[in-house]
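Chemist: Test case, fold it:
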Amino acid sequence: MSFLGKLFGKKEKESLDQGLQKTKEGFLAKITKAIAGKTTIDDEVLDNLEEALVGADVGIETTIQIIERIEKRAKTDKYLNSAELNSILQEEIKAVLVDAPEDAYKSFTIPVGKKPYIILVVGVNGVGKTTTIGKLAHHYKAAGMNVLLGAADTFRAAAVDQLTIWSERVGVPIVKQAMGSDPSAVAYDTVASAIAKGSDVVLIDTAGRLHNKLHLMEELSKIRRVIQKLIPEAPHEVMLVLDGSTGQNAVEQARQFTAATDVTALSITKLDGTAKGGVVLAIANQFKIPVKYIGVGEKIEDLILFDKHEFVDSLFKLAN
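Modeler: Alright, predicted model coming up:
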């Protein structure tokens with residue numbers, strides 16, 4: 001049973017099923033072909049399964065792990081029919097996904113004793129970072145939280161303007177300065193304002209430049225230092241936003257950002273527009289960082305909490 005309980009209800013499940021439709025269509029067709037009429041897990045079955053996983057952008061490394069686990073199971077489990085192989089495959093895909101800590105990932109709430117809860121949001125331009133922040137603000141507010149936004153991506157005027165639009169749309173305050181201002185100064189002012197206002201959650205947008213990883217490291221480190229002057233244990237979360245539709249390019253972005261800063265959670269967007277939804281498995285497994293949210297549509301509520309059990313179940317079920 002999913003630990004998300006009521007939060008992962010019928011509406012969320014429908015959004016997930018619909019959002020993964022493009023990934024499922026190709027993936028399930030190949031899975032069905034791989035196991036049709038088979039009464040044993042032979043080399044042909046494994047080759048076809050491997051093709052299906054790689055085709056869904058699960059990635060070579062993760063695919064090999066899954067195939068090896070299935071091979072091991074095949075030696076110990078009595079395989080009778082395709083339904084059982086289907087079940088084994090689902091179990092082994094779930095097994096390679098890192099488990100998220102239940103207390104922090106079961107709802108849009110904050111851990112006890114961590115108020116204001118500071119979330120630093122990182123990611124390259126164009127992945128849906130600012131939109132994700134806006135949607136998160138909506139969800140946290142709907143859960144009864146007082147939310148504050150910080151526009152620390154000060155090198156791109158559009159980023160500040162976009163976040164301002166989201167703050168107005170959601171109805172939450174924002175801290176911002178003129179374009180070109182020191183991002184760490186904006187972050188400091190945001191956290192100071194959150195303390196003064198009694199905010200519950202603070203979402204701080206940051207610049208997404210990867211062409212100079214050293215500069216990115218220095219900037220994020222400086223933001224951390226100034227925030228810690230006010231709240232020593234902050235940021236409580238560093239969330240990396242990745243565009244799922246870019247497939248293996250998202251994996252490379254994850255590699256660079258995890259090298260530049262201590263990423264603690266992932267949000268993977270735009271899964272509804274791609275057949276590469278398997279990249280969620282590749283990223284979560286390769287970097288051993290929990291996926292916290294996935295984006296499965298354009299509507300404000302289409303950023304949903306990630307549950308690996310629900311995700312894999314949906315992956316193996318075509319929408320009616």
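
Chemist: in the stretch 101-250 of the chain, what spans have low per-residue confidence?
Modeler: 101-106, 209-213 (pLDDT under 70).

Chemist: would you list every one of the strands in it?
Modeler: 117-122, 147-151, 174-175, 201-205, 237-243 (DSSP state E, counting those that start in this stretch).

Chemist: relative to strand 117-122, how tilted is the last one?
Modeler: Meaning strand 237-243. Computed with axes from the mean of the first three to the mean of the last three C-alpha atoms, to 10 degrees, the direction of strand 237-243 lies at 30 degrees from that of strand 117-122.

Chemist: who does strand 237-243 touch, helix- and strand-wise?
Modeler: When contacts are defined as 3 or more C-beta pairs under 8 Å, 6 or more residues apart in numbering; DSSP states H and E, strand 237-243 packs onto strand 117-122, helix 248-260, strand 265-269. For glycine as for every other residue, the C-beta is placed from the backbone atoms N, C-alpha and C.

Chemist: Paired strands for the last one, with orientation please.
Modeler: Right, strand 265-269. Next to strand 265-269 in the sheet, as set by DSSP bridges, lie strand 237-243 (parallel), strand 291-295 (parallel).

Chemist: Quick check: residue 309 vs residue 96, distance?
Modeler: 13 Å (C-beta to C-beta, to the nearest Å).

Chemist: Compare those two (neighbour count), which wins?
Modeler: More crowded of residue 309 and residue 96, by other C-beta atoms under 10 Å: residue 96, with 19 against 15.

Chemist: ok, now which ones touch the more buried one?
Modeler: Residue 96 makes contacts with 62, 65, 66, 69, 281, 285, as judged by C-beta atoms under 8 Å, 6 or more residues apart in numbering.

Chemist: can you do 10 Å?
Modeler: When contacts are counted by C-beta atoms under 10 Å, 6 or more residues apart in numbering, residue 96 touches 58, 61-63, 65-66, 69, 281-282, 284-286, 308.

Chemist: so which of the helices and strands packed on strand 237-243 comes closest to residue 164?
Modeler: Counting by C-beta to C-beta, residue 164 lies closest to strand 117-122 out of the helices and strands packed on strand 237-243; the figure is 15.6 Å.
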